[in-house]
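Undergrad: One predicted model, sequence on top.
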Amino acid sequence: MRRYSEAVKADVRRLMTPPHRQSVARISQELGIHVVTLHNWRKAWRLQGEVVPASEKDPEGWGATDKFTVVLETAGLNAKELSGYCQDRGFYPEYLGC
């Protein structure tokens with residue numbers, strides 16, 4: 001099995017998250033990483049509590065798990081910090097029901 005550097009994994013995570021939200025198939029094609037490997041990475045990141053949506057849908061289409069993770073990550077932020085957090089990830093605070 002081929003090993004990938006943490007830098008490659010970080011690039012993949014960035015491509016999967018907003019605002020990029022590229023599909024696993026597209027990332028696989030572009031980077032030459034098998035789709036099963038990408039799905040395993042995404043699953044591991046999600047289990048670690050990272051916000052890596054299960055699909056490339058806009059945040060409006062996210063499941064409860066993704067929204068809950070974001071709510072937990074942003075619970076202690078003031079309005080300005082929350083706005084910056086959401087802007088960095090390519091969505092509006094309203095998507096979270098805030």
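TA: Ah, there it is. Residues are numbered from 1 along each chain as shown.
Undergrad: C-alpha from now on. contacts and neighbour counts both.
TA: OK.
Undergrad: Centre of the chain to the helix or strand of the chain with the lowest mean pLDDT, how far?
TA: The weakest-scoring helix or strand in the chain, judged by mean pLDDT, DSSP states H and E, is helix 64-74 (a mean of 78). Put simply, helix 64-74 sits 11 Å off its chain's centre (CA atoms, centre = their mean, to the nearest Å).
Undergrad: how about it: buried residues?
TA: 66, 67, 69, 70, 71, 74 (16 or more other CA atoms under 10 Å).
Undergrad: Could you dump those into JSON lines with distance to residue 87 added?
TA: Converted to JSON lines, the buried residues of helix 64-74 look like this (distance: CA to CA, whole Å):
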{"residue": "66", "distance to residue 87": "16"}
{"residue": "67", "distance to residue 87": "15"}
{"residue": "69", "distance to residue 87": "16"}
{"residue": "70", "distance to residue 87": "13"}
{"residue": "71", "distance to residue 87": "15"}
{"residue": "74", "distance to residue 87": "13"}
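Undergrad: Now the very next helix or strand once past the least confident helix or strand of the chain: average pLDDT?
TA: Next helix or strand after helix 64-74 toward the C-terminus (DSSP states H and E): helix 79-89. Helix 79-89 comes out with an average pLDDT of 81.
Undergrad: can you check stretch 23-42 too?
TA: On average, stretch 23-42 scores 91.
Undergrad: Just the buried positions in that stretch, please.
TA: Buried residues in stretch 23-42 (16+ other CA under 10 Å): 23, 24, 27, 28, 33, 35, 38, 41, 42.
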